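**Q** What would the 3D arrangement of this be:
(one chain, ligands or ions: 1)
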Amino acid sequence: MLKIGRAEWEELRRHGEETYPHESCGVLLGRLDGEARLVTRVTRCGNTRADSPHNRYHIDPRDLLRIERQGRERGEDIVGFYHSHPDHPARWSPTDLAEAHWPGCSYVITAVAGGRADLTRSFVLQGDEGTKSFHDEEIEVS
Ligand SMILES: [Zn+2]
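**A** Okay, here's the model as predicted:
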(Lines give C-alpha, C1' and ligand atoms only; values in the text may rest on other atoms or scores of the structure.)
Protein backbone atom coordinates (compact mmCIF):
# COMPACT_ATOMS: atom_id res chain seq x y z
CA MET A 1 0.00 0.00 0.00
CA LEU A 2 1.04 3.57 -0.68
CA LYS A 3 0.13 6.13 1.99
CA ILE A 4 0.28 9.77 0.99
CA GLY A 5 -0.90 13.04 2.48
CA ARG A 6 -3.51 15.16 0.73
CA ALA A 7 -1.02 17.96 -0.06
CA GLU A 8 1.55 15.58 -1.60
CA TRP A 9 -1.19 13.81 -3.54
CA GLU A 10 -2.42 17.08 -5.00
CA GLU A 11 1.15 18.17 -5.74
CA LEU A 12 1.95 15.18 -7.93
CA ARG A 13 -1.39 15.40 -9.75
CA ARG A 14 -1.05 19.16 -10.31
CA HIS A 15 2.46 18.63 -11.73
CA GLY A 16 0.95 16.50 -14.49
CA GLU A 17 -1.52 19.25 -15.31
CA GLU A 18 1.23 21.88 -15.45
CA THR A 19 3.44 19.96 -17.87
CA TYR A 20 0.55 18.85 -20.12
CA PRO A 21 0.73 17.92 -23.01
CA HIS A 22 4.15 16.65 -21.89
CA GLU A 23 4.80 14.10 -19.18
CA SER A 24 5.69 15.16 -15.67
CA CYS A 25 7.93 13.05 -13.49
CA GLY A 26 9.39 13.05 -10.04
CA VAL A 27 10.48 11.14 -6.97
CA LEU A 28 8.54 10.19 -3.85
CA LEU A 29 10.51 10.42 -0.63
CA GLY A 30 9.42 8.91 2.65
CA ARG A 31 9.81 5.80 4.74
CA LEU A 32 8.46 2.32 5.23
CA ASP A 33 5.48 2.04 7.56
CA GLY A 34 5.12 -1.71 8.13
CA GLU A 35 4.23 -3.13 4.71
CA ALA A 36 3.26 0.29 3.38
CA ARG A 37 5.32 3.06 1.85
CA LEU A 38 4.59 6.40 3.48
CA VAL A 39 5.27 9.46 1.28
CA THR A 40 6.52 12.52 3.16
CA ARG A 41 7.78 14.59 0.22
CA VAL A 42 7.15 14.90 -3.52
CA THR A 43 10.19 16.06 -5.51
CA ARG A 44 9.74 17.25 -9.08
CA CYS A 45 12.24 16.34 -11.78
CA GLY A 46 12.80 17.76 -15.21
CA ASN A 47 11.87 15.52 -18.09
CA THR A 48 15.17 14.89 -19.88
CA ARG A 49 13.75 12.90 -22.78
CA ALA A 50 14.12 15.37 -25.64
CA ASP A 51 13.10 12.85 -28.30
CA SER A 52 9.51 12.24 -27.28
CA PRO A 53 8.59 14.07 -24.07
CA HIS A 54 4.86 13.44 -24.45
CA ASN A 55 5.14 9.70 -23.99
CA ARG A 56 8.54 9.02 -22.45
CA TYR A 57 9.91 10.11 -19.15
CA HIS A 58 13.37 9.91 -17.77
CA ILE A 59 14.93 11.20 -14.58
CA ASP A 60 18.49 12.45 -14.91
CA PRO A 61 20.69 10.08 -12.83
CA ARG A 62 22.49 13.11 -11.34
CA ASP A 63 19.11 14.51 -10.20
CA LEU A 64 18.28 11.15 -8.65
CA LEU A 65 21.58 10.99 -6.73
CA ARG A 66 21.10 14.53 -5.44
CA ILE A 67 17.51 13.83 -4.35
CA GLU A 68 18.57 10.60 -2.65
CA ARG A 69 21.41 12.35 -0.80
CA GLN A 70 19.24 15.28 0.32
CA GLY A 71 16.57 12.84 1.46
CA ARG A 72 19.03 10.83 3.53
CA GLU A 73 20.11 14.00 5.32
CA ARG A 74 16.48 14.43 6.45
CA GLY A 75 16.00 10.73 7.22
CA GLU A 76 13.93 10.12 4.06
CA ASP A 77 14.42 7.36 1.53
CA ILE A 78 13.24 7.03 -2.05
CA VAL A 79 9.99 5.04 -1.79
CA GLY A 80 8.63 5.64 -5.28
CA PHE A 81 8.44 7.52 -8.53
CA TYR A 82 5.63 9.23 -10.37
CA HIS A 83 4.88 10.37 -13.88
CA SER A 84 1.89 11.40 -15.95
CA HIS A 85 0.25 9.96 -19.05
CA PRO A 86 -1.08 12.85 -21.16
CA ASP A 87 -4.29 11.68 -22.87
CA HIS A 88 -3.54 8.04 -22.05
CA PRO A 89 -4.91 5.77 -19.33
CA ALA A 90 -3.23 5.39 -15.93
CA ARG A 91 -1.79 2.00 -16.93
CA TRP A 92 1.89 1.11 -17.05
CA SER A 93 3.44 0.57 -20.47
CA PRO A 94 6.10 -1.98 -21.45
CA THR A 95 8.55 0.97 -21.55
CA ASP A 96 7.58 1.93 -18.00
CA LEU A 97 8.41 -1.59 -16.83
CA ALA A 98 11.67 -1.72 -18.80
CA GLU A 99 12.79 1.58 -17.27
CA ALA A 100 11.80 0.67 -13.69
CA HIS A 101 14.83 -0.42 -11.66
CA TRP A 102 13.84 -0.05 -8.01
CA PRO A 103 12.18 -3.21 -6.63
CA GLY A 104 9.98 -2.53 -3.65
CA CYS A 105 9.21 0.99 -4.83
CA SER A 106 5.85 2.42 -5.89
CA TYR A 107 5.38 3.67 -9.44
CA VAL A 108 2.53 6.16 -9.56
CA ILE A 109 0.87 7.09 -12.85
CA THR A 110 -1.65 9.89 -13.32
CA ALA A 111 -3.76 10.06 -16.46
CA VAL A 112 -4.11 13.67 -17.60
CA ALA A 113 -7.02 14.14 -19.98
CA GLY A 114 -7.18 17.44 -21.86
CA GLY A 115 -4.97 19.09 -19.24
CA ARG A 116 -6.96 17.87 -16.21
CA ALA A 117 -5.65 15.17 -13.85
CA ASP A 118 -7.95 12.15 -14.06
CA LEU A 119 -7.28 8.74 -12.48
CA THR A 120 -4.10 8.17 -10.44
CA ARG A 121 -2.94 4.60 -9.87
CA SER A 122 0.05 3.01 -8.18
CA PHE A 123 2.01 -0.13 -9.00
CA VAL A 124 4.70 -1.74 -6.89
CA LEU A 125 7.73 -3.19 -8.68
CA GLN A 126 8.59 -6.74 -7.62
CA GLY A 127 11.25 -9.25 -8.60
CA ASP A 128 14.74 -8.62 -9.91
CA GLU A 129 15.85 -7.24 -13.26
CA GLY A 130 15.18 -10.52 -15.10
CA THR A 131 11.80 -11.33 -13.54
CA LYS A 132 10.42 -7.92 -12.58
CA SER A 133 6.74 -7.13 -12.74
CA PHE A 134 4.28 -4.48 -11.63
CA HIS A 135 1.45 -5.18 -9.21
CA ASP A 136 -1.55 -2.95 -8.51
CA GLU A 137 -1.42 -1.39 -5.11
CA GLU A 138 -3.90 0.50 -3.00
CA ILE A 139 -3.40 4.22 -2.41
CA GLU A 140 -4.48 5.71 0.90
CA VAL A 141 -4.76 9.52 0.84
CA SER A 142 -4.97 11.05 4.29
ZN1 LIG B 1 4.34 5.75 -18.44
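
**Q** Could you report the distance from residue 136 to residue 30?
**A** 20 Å (C-beta to C-beta, to the nearest Å). The C-beta positions use only the backbone N, C-alpha and C, and glycine is treated the same way.

**Q** just residue 44 next, same as before
**A** Taking C-beta to C-beta, one finds residue 44 at 16 Å from residue 30.

**Q** got it, and residue 38?
**A** Residue 38 sits 5 Å away from residue 30, going by C-beta to C-beta.

**Q** Show me which of residue 136 and residue 30 is the more surrounded one.
**A** residue 30 (24 against 10; other C-beta atoms under 10 Å).

**Q** Hmm, residue 105 and the more buried one touching each other?
**A** No - applying C-beta atoms under 8 Å as the test, residue 30 and residue 105 come out as separate, 10.5 Å apart.

**Q** Now for these two: what residues contact both?
**A** Taking C-beta atoms under 8 Å, 6 or more residues apart in numbering as the contact rule, residue 30 and residue 105 both touch 37, 79, 80.

**Q** and the last one, which of the three is it?
**A** Residue 80 falls in the strand class when you classify it by DSSP: H, G, I helix; E, B strand; the rest coil.

**Q** Name the nearest residue to the residue nearest the centre of the chain, sequence neighbours excluded.
**A** By C-alpha atoms, centre = their mean, the chain has its centre lying nearest to residue 82, at 1.4 Å. In space, and not counting its chain neighbours, residue 82 is closest to residue 108: 3.9 Å by C-beta to C-beta, 6 or more residues apart in numbering.

**Q** Please enumerate the helices of this protein.
**A** When assigned using DSSP state H, the helices of the chain occupy the ranges 6-19, 61-73, 94-98.

**Q** Can you say which of those helices is packed in most?
**A** Mean neighbour count (mean count of other C-beta atoms under 10 Å) peaks for helix 6-19 among the helices of the chain, with a mean of 18.

**Q** what residue ranges in this structure score low on pLDDT?
**A** Along the chain, the parts satisfying pLDDT under 70 run over 47-57.
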